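In: Sequence and predicted model, in that order:
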Amino acid sequence: MQTAKVKAKDMVSSAKEKVKEGSAKMQGKTGEATAATHGEKEMAKEAARAKKDQANADKHQEKADHRADAATGHHGTRVPLTGPHGHHGAGAAVDPAYPSSGNTYPASGKYI
């Protein structure tokens, strides 16, 4: 169910981005139409491009926020991979002063 919520939020973010892009495009066209010089027209084009790029960046940030919100819902449900991972004791520590103490054969030094 969580992925459906994330997809719905992403679609809303995409729709918002399209609206922002459309308004940036219209502002750019009106800026170009009212510009008196070539430099002003270029500035209007650059402003429109910057607004479109900002809308795209906002969309991606919102999507990342949606993923982060979804991940917090799963937090703590998995078993962490810490500890011995199924290894049941690597053997007793061997004291060099008493080589036969522990789980080793005195002559070979191998574990039982």
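Out: Received the coordinates, thanks.
In: where do the helices sit along this protein?
Out: Ranges of helices in the chain, per DSSP state H, are 2-34, 38-74.
In: what would these look like in a markdown table with mean neighbour count?
Out: All C-beta spots, glycine's among them, are computed from the backbone N, C-alpha and C. Formatted as a markdown table, the helices of the chain follow (neighbours: other CB atoms under 10 Å):
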| stretch | mean neighbour count |
| --- | --- |
| helix 2-34 | 14 |
| helix 38-74 | 13 |
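In: could you dump these to JSON lines with mean pLDDT?
Out: Shown next, in JSON lines, are the helices of the chain (pLDDT from 0 to 100):
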{"stretch": "helix 2-34", "mean pLDDT": "91"}
{"stretch": "helix 38-74", "mean pLDDT": "90"}
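In: show me what contacts Arg49?
Out: Gly28 (CB atoms under 8 Å, 6 or more residues apart in numbering).
In: 7 Å - rerun?
Out: Residues near Arg49 by CB atoms under 7 Å, 6 or more residues apart in numbering: none.
In: now swap in Ala71 and tell me
Out: By CB under 7 Å, 6+ apart, Ala71 lies in contact with nothing.
In: measure it to Val6 for me?
Out: 10 Å (CB to CB, to the nearest Å).
In: how about Ala35, phi and psi?
Out: phi -70, psi 140 (degrees, to the nearest 10).
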